[in-house]
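Visitor: what's the 3D shape of this:
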Amino acid sequence: MIIDTHCHLDDMCYEKDLDEVLQNAHAKGIEKFIIPGADPKTLQKAVEIAERYENVYFAVGVHPYDALSYDRTYLEKFATHPKCVAIGECGLDYFRLPESQEEIEAEKKLQKEVFIDQILLAKKLKKPLIVHIRDASLDSMALLEEYAGEEGGVLHCYNADEQLLKLAKRNFYFGIGGVLTFKNARKLIQVYPKIPEDRLLIETDAPYLTPHPHRGERNEPSYTTFVAQKMSELSGMSQDAIETLTTMNAHRLFGI
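Guide: Numbers count the residues shown, from 1 in each chain. Predicted coordinates:
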């Protein structure tokens, strides 16, 4: 069994065929799914999907690009729902910053404030975090080390920064997705063996980051099998063992 720990099933691209997408995934052995909260505008839809399908869960959070729309009160309305398993995806993303130094500092300050508040919400509710980090490893690690609780979380789409491996000791896991199958994923392939086995999770980030050999197509949870296959090749473990390991890890972190 595989658990896709990060798939945006609330994306509009699945509106017409979500049943078929989930059926395809079940046929490939993907049994559970977690919809991360990224955009407050689609949160209600994520909740409705989780209520409709027994094996779909969701998280509440605001992506750093949407930090201006952050409303903790709104998130708290859904955070205690029985199928809400995490807070996020939240974090820091410095990939697209404004041009002026003043605007850059303001943007970073806003992202940090919103990230910290979501970390504290997770700590208050004793839920794990789903963390988004892009071009902001040091700042992200500093905030997690200072504010995160013992529930830990997952570094979604782990960026292969070895410094972040220190967070494994703080109960943080590492989400591995389609990037591992890319031809230009040399850094992640080199770092992958250094990730503790009991901290590995599988994800797709569907509909994004589609793995080889389906790059250029819409991603979907059934493609986690390609990720598991690549993890098997790199670790020397059988694919069945990888699937069992990552499923146990997901159960332990998210309590599902």
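Visitor: how about the helices of the stretch 101-250 of the chain, start to end?
Guide: Remark: helices assigned in the stretch 101-250 of the chain by DSSP state H, counting those that start in this stretch are 101-125, 137-147, 186-191, 224-235, 239-254.
Visitor: dump these into a markdown table; add distance to Glu15, mean neighbour count and mean pLDDT as well.
Guide: C-beta: built from backbone N, CA, C; applies to glycine. Shown next, in a markdown table, are the helices of the stretch 101-250 of the chain (distance: least, Cβ to Cβ, whole Å; neighbours: other Cβ atoms under 10 Å; pLDDT from 0 to 100):
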| stretch | distance to Glu15 | mean neighbour count | mean pLDDT |
| --- | --- | --- | --- |
| helix 101-125 | 27 | 17 | 97 |
| helix 137-147 | 33 | 17 | 98 |
| helix 186-191 | 32 | 15 | 97 |
| helix 224-235 | 22 | 20 | 97 |
| helix 239-254 | 26 | 19 | 98 |
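Visitor: Tyr57 is nearest to which of those?
Guide: Closest to Tyr57 of these is helix 239-254 (Cβ to Cβ; 7.1 Å).
Visitor: how far does the closest one sit from its chain's centre?
Guide: In this view, helix 239-254 has its centroid 15 Å away from the chain centroid, taken as Cα atoms, centre = their mean, to the nearest Å.
Visitor: same question for stretch 124-138.
Guide: Put simply, stretch 124-138 sits 9 Å off its chain's centre (Cα atoms, centre = their mean).
Visitor: what of stretch 141-154?
Guide: That offset, for stretch 141-154, works out to 15 Å (Cα atoms, centre = their mean).
Visitor: one step back: between the helices of the stretch 101-250 of the chain, which one is nearest to Glu162?
Guide: Using Cβ to Cβ, the helices of the stretch 101-250 of the chain put helix 186-191 closest to Glu162, at 5.8 Å.
Visitor: can you give the contact residues for the closest one?
Guide: Residues from elsewhere that reach helix 186-191 (Cβ atoms under 8 Å, 6 or more residues apart in numbering): 158-160, 162, 165, 179-180, 234.
Visitor: what bridges to the residue positioned nearest the centre of the chain?
Guide: In the chain, the centroid-proximal residue (Cα atoms, centre = their mean) is His156; its distance is 3.6 Å. Listed beta-bridge partners, His156: His132 (assigned using DSSP bridges).
Visitor: these two touch, right, it and Ile34?
Guide: No. The criterion here is Cβ atoms under 8 Å, and His156 misses it with Ile34 at 10.4 Å.
Visitor: need the overlap of contacts for the two.
Guide: His6.
Visitor: mark which of the contacts of helix 186-191 are buried, thanks.
Guide: 158-160, 165, 179-180, 234 (16 or more other Cβ atoms under 10 Å).
Visitor: can you give me the angle the lengthiest strand in the chain makes with helix 101-125?
Guide: Ranked by residue count under DSSP state E, the longest strand found in the chain is strand 84-93. Relative orientation of strand 84-93 versus helix 101-125 (axes from the mean of the first three to the mean of the last three Cα atoms, to 10 degrees): 160 degrees.
Visitor: against which helices or strands is strand 84-93 packed?
Guide: With contacts taken as 3 or more Cβ pairs under 8 Å, 6 or more residues apart in numbering; DSSP states H and E, strand 84-93 sits against strand 56-60, helix 72-79, helix 101-125, strand 129-134, helix 137-147, strand 153-156.
Visitor: re earlier: make JSON lines from the contacts of helix 186-191 and add distance to His81 to it.
Guide: Shown next, in JSON lines, are those (distance: Cβ to Cβ, whole Å):
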{"residue": "Tyr158", "distance to His81": "27"}
{"residue": "Asn159", "distance to His81": "30"}
{"residue": "Ala160", "distance to His81": "33"}
{"residue": "Glu162", "distance to His81": "36"}
{"residue": "Leu165", "distance to His81": "32"}
{"residue": "Val179", "distance to His81": "30"}
{"residue": "Leu180", "distance to His81": "32"}
{"residue": "Leu234", "distance to His81": "37"}
